[in-house]
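Colleague: Got a sequence here, can you build the structure:
(one chain, ligands or ions: 1)
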Amino acid sequence: MKVVALAGGVGGARLCDGLQQVLAPGDLTVVVNTGDDTERHGLLVCPDHDTVMYTLAGIADPVQGWGIAGESWAVMDRLALYGEETWFRLGDRDIATHIARTARLRAGSRLTEVSLGLQASLGVASRILPMTDVPVRTQVLSDDGWLAFQDYFVRLRQAPEVRAVSFDGVDAASSTPEVLAAFAEADAIVICPSNPVVSVGPILAVPGMRDSIEAARTRGVRIAAISPIVAGRAIKGPADRMLASLGHDVSAAGVARLYAGLADVFVLDAEDADLASAVEALGMRTLVTDSIMTDGAARARLARETLAALG
Ligand code: FO1
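Modeller: Numbering: from 1, shown residues only. Just a heads-up that it's a prediction; the model follows:
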């Protein structure tokens, strides 16, 4: 069964790990958000791609979710000595990824080609595709003006209230041949429990992405979305506060409304069972289950149940 997952961030990576556990090697393709990408010390860092890549390679830091387990920080410490900014922490092993990626891009390769090459070197069985090869940069509007995503997320520790978001460059973006082929071959599509605004939002904003999904639906492909909000709170990250400051209902039903007309099945945590009828009123079937991914087995169970609900 070929599955295409839309993912960004740590929650998305964890479900992708579950999907990779339950699918045959090569049957999972992950389309990742690139709006969080950032240039640091002259190197291109792709946080959502790398978080999924390290997670699927089994080397992600288990606590942080991002970066590589057992990291050392010698380069960061020396950069600090030179007076360079070090609020965005890059581990020594992680920096090798950015050096190789930046060099290959400079040599003329596409971001998708570079990404697939890095994944192959790490032995990742699934394919992780950037949502586009064209640079897209998420900006968030705070009360003090526009902020680059990582300045908001890391430097300011998500303290500012987000009044609006913008995906700079997305209008000039286009789907890659690899993404188009993945949707054309998909038997099922899963929207991971990632931030619907700044992780899934940019992916769906790429021109042609929704058309690819609709074309798959016309072929009978069904789409599941898993709520990243449980009992009104985000499991990890700023999704709950961001939904509130953007005027959305901070609940699984509020997230379901964002996916109405796109998802056929919506996965709610057992704590939100009382919201199932409101979600079904949006025209989606619901799956109510324990959606908290505490360990590898929980990731696989959630993935298996989600795919089963797609029938
Ligand atoms: N998140 C932090 O909170 N602090 C960091 O210093 C940090 C560094 C970092 C380096 C590489 C990378 O791939 C991710 C990193 N992240 C860090 C996480 C990152 O900001 C978020 O994972 C995404 O951008 C949002 O999901």
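Colleague: Show me which residues of this structure are close to the ligand?
Modeller: 8-9, 36, 45, 47-48, 50-51, 66-67, 88-90, 94, 150, 153-154 (Cβ under 6 Å from any ligand atom). Backbone N, C-alpha and C define where each C-beta goes, glycine included.
Colleague: which among these end up buried?
Modeller: 8-9, 36, 45, 47-48, 50-51, 66-67, 88, 90, 94, 150, 153 (16 or more other Cβ atoms under 10 Å).
Colleague: out of these, what pair is the most spread apart?
Modeller: Within these, 8 and 90 form the most distant pair, 19.2 Å apart (Cβ to Cβ).
Colleague: Which residue ranges of this structure form helices?
Modeller: 9-22, 47-56, 74-81, 92-106, 111-121, 149-150, 177-185, 200-205, 209-218, 239-245, 252-258, 276-280, 296-310 (DSSP state H).
Colleague: Bridged to the closest residue in space to residue 166 that isn't next to it in sequence, which residues?
Modeller: Spatial nearest neighbour of residue 166, chain neighbours left out: residue 139 (4.7 Å); criterion: Cβ to Cβ, 6 or more residues apart in numbering. Beta-bridge partners for residue 139, by DSSP bridges, are residue 148, residue 166.
Colleague: so residue 139 sits right up against residue 165, yeah?
Modeller: Yes. With contact defined as Cβ atoms under 8 Å, residue 139 reaches residue 165; the gap is 7.0 Å.
Colleague: quick one: low-confidence ranges for the stretch 151-300 of the chain?
Modeller: Within the stretch 151-300 of the chain, no stretch has pLDDT under 70.
Colleague: Look through it and state the residue closest to the ligand.
Modeller: residue 154 (4.2 Å; Cβ to the nearest ligand atom).
Colleague: Can you list the buried residues in stretch 118-133?
Modeller: 118, 119, 124, 126, 127, 128, 129, 130, 131, 132, 133.
Colleague: looking at it, the first one is touching residue 101, isn't it?
Modeller: Spelled out, it's residue 118. Yes. If you go by Cβ under 8 Å, residue 118 and residue 101 touch, sitting 6.6 Å apart.
Colleague: one step back: now the buried residues of stretch 118-133 as JSON lines including pLDDT and distance to residue 77?
Modeller: What follows is these, written out as JSON lines (pLDDT from 0 to 100; distance: Cβ to Cβ, whole Å):
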{"residue": "118", "pLDDT": "98", "distance to residue 77": "25"}
{"residue": "119", "pLDDT": "98", "distance to residue 77": "29"}
{"residue": "124", "pLDDT": "98", "distance to residue 77": "30"}
{"residue": "126", "pLDDT": "98", "distance to residue 77": "34"}
{"residue": "127", "pLDDT": "98", "distance to residue 77": "35"}
{"residue": "128", "pLDDT": "98", "distance to residue 77": "30"}
{"residue": "129", "pLDDT": "98", "distance to residue 77": "34"}
{"residue": "130", "pLDDT": "98", "distance to residue 77": "31"}
{"residue": "131", "pLDDT": "98", "distance to residue 77": "34"}
{"residue": "132", "pLDDT": "98", "distance to residue 77": "35"}
{"residue": "133", "pLDDT": "98", "distance to residue 77": "34"}
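Colleague: Let's see which of these end up in strands.
Modeller: Under the assignment DSSP state E, these contribute 127, 128, 129, 130 to strands.
Colleague: Mind picking the one among the residues you listed that's closest to residue 227?
Modeller: residue 128 (22.9 Å).
Colleague: Which residue comes closest to the closest one once chain neighbours are left out?
Modeller: Nearest to residue 128 is residue 30, by Cβ to Cβ, 6+ apart, at 4.7 Å.
Colleague: Contact partners for that neighbour?
Modeller: Counting by Cβ atoms under 8 Å, 6 or more residues apart in numbering, residue 30 makes contact with 4, 5, 6, 7, 16, 52, 56, 126, 127, 128, 129.
Colleague: cool, residue 49 as well?
Modeller: 32, 34, 37, 115, 128, 130.
Colleague: make it 10 Å
Modeller: 7-8, 13, 30, 32-34, 36-37, 97, 101, 111, 114-115, 118-119, 128-131 (Cβ atoms under 10 Å, 6 or more residues apart in numbering).
Colleague: so how far is residue 16 from it?
Modeller: Applying Cβ to Cβ, to the nearest Å, the value for residue 49 to residue 16 is 11 Å.
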